[in-house]
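Chemist: predicted structure and sequence below. I'll ask about it afterward.
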Amino acid sequence: MPTTSITPTPTPTTSDTFTPATPVGTRTRTRTPTSADSDLLDGLADWCPVATPVGAFHLVPVSVERDLSLISRWMNAPAVAEYWELAGAEHVTEDHVRPQLAGDGRSVPCIGVLDGAPMSYWEIYRADLDPLARHYPARPHDTGIHLLIGGAADRGRGLGGTLLRAVADLVLDNRPACARVVAEPDLRNTPSVSAFLSAGFRFSAEVDLPAKRAALMIRDRSLRQLL
């Protein structure tokens, strides 16, 4: 069961390096869906890069052909495998990612690109349409986040919290109907829970999910400027 994981990554090669096509934007960009808009995550592929205290950050939807090898390497790192449970050959990761890409858009796997270098894996998903909604009082358009940081050198220095805040802000800026961003890290994953707290999420409850006991973390639009 995926959980946020806050594993070593090779120095990016030319093929691993992303060059965002869109200039770094600001958090004031808001996309307002029309009545004809059927995109369940409001055009995530078009969300602009953002400036953060640690560099320019961009969520880039996964391409299996481009990204599978890199994501699989991350999934096989012990610190990640303990919580994501996707260690093994590349097809294990592929079997996890492809159904999301082939689905109705309620979950979008992404590479997190920091200053042009791929360094994290994200899943942005409609929590209200996910099995998670059976385990907490979900509200329409609740949006969930899964995250893993790929490089050991990037863990333990506050990077996860900084990027979680940036991505939660991206969700709230680009999804006007979304009042809450939610997450359900494994309770045992103390660094992950701490990262969410530092990113302005509040601890809401402990929830028993099929594969773990989780901390339900919520970032409220109404409290955005306070936390």
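Modeler: On my side now, so go ahead. Residues are numbered from 1 along each chain as shown.

Chemist: show me where the protein has its helices.
Modeler: Secondary structure of the chain (DSSP state H): helices located at 64-75, 78-84, 90-102, 159-174, 190-198.

Chemist: any weak-confidence spans in the protein?
Modeler: Regions of the chain meeting the criterion pLDDT under 70 cover residues 1-38.

Chemist: work out which residue lies at the spatial centre of it.
Modeler: Trp122 (3.2 Å; C-alpha atoms, centre = their mean).

Chemist: can you tell me how far Ile71 is from Leu159?
Modeler: Per C-beta to C-beta, to the nearest Å, Ile71 is found 18 Å from Leu159. For the C-beta atoms, the positions are set from N, CA and C on the backbone; glycine is no exception.

Chemist: hmm, Gly88 and His96 touching each other?
Modeler: No: taking contacts as C-beta atoms under 8 Å, His96 lies outside contact range of Gly88: 10.5 Å.

Chemist: what sits against Phe136?
Modeler: Not quite, residue 136 is Tyr, not Phe. In this structure, Tyr136 makes contact with Val182, Ser204, Ala205, Val207, Leu216, judged by C-beta atoms under 8 Å, 6 or more residues apart in numbering.

Chemist: ok, it to Asp39 distance?
Modeler: Tyr136 sits at a distance of 24 Å from Asp39 (criterion: C-beta to C-beta).

Chemist: just Ala214 next, same as before
Modeler: Taken as C-beta to C-beta, the spacing of Ala214 relative to Asp39 amounts to 28 Å.

Chemist: neighbour count winner among those two?
Modeler: With neighbours defined as other C-beta atoms under 10 Å, Ala214 and Asp39 compare such that Ala214 has more, 25 against 14.

Chemist: that one against Val182, yeah?
Modeler: No: Ala214 is not in contact with Val182 according to C-beta under 8 Å; the separation is 10.6 Å.

Chemist: any chance you could map the strands in the chain?
Modeler: Under the criterion DSSP state E, the chain contains strands at 50-52, 55-61, 107-114, 117-126, 143-149, 180-183, 202-209, 212-220.

Chemist: re earlier: scan the contacts of Tyr136 and report the most crowded one.
Modeler: Comparing the contacts of Tyr136 by number of neighbours (other C-beta under 10 Å), Val182 comes first, having 27 neighbours.

Chemist: isn't that one up against Ala127?
Modeler: Yes: counting by C-beta under 8 Å, Val182 touches Ala127, with 4.9 Å between them.

Chemist: now Arg73: how far from Ser107?
Modeler: Where Ser107 is concerned, Arg73 sits at a distance of 22 Å (C-beta to C-beta).

Chemist: which of these two has more residues huddled nearby?
Modeler: Neighbour totals were compared for Arg73 and Ser107, and Ser107 leads with 21 against 17 (other C-beta under 10 Å).

Chemist: any idea what the more buried one is bridged to?
Modeler: For Ser107, the beta-bridge assignment (DSSP bridges) gives partners Tyr125.

Chemist: contacts only, for it.
Modeler: Applying C-beta under 8 Å, 6+ apart, we find Ser107 in contact with Gln100, Glu123, Ile124, Tyr125, Arg126, Asp130.

Chemist: next, format those as CSV and append neighbour count and distance to Cys178.
Modeler: Formatted as CSV, those follow (neighbours: other C-beta atoms under 10 Å; distance: C-beta to C-beta, whole Å):
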residue, neighbour count, distance to Cys178
Gln100, 17, 19
Glu123, 19, 16
Ile124, 25, 11
Tyr125, 25, 12
Arg126, 23, 9
Asp130, 18, 14
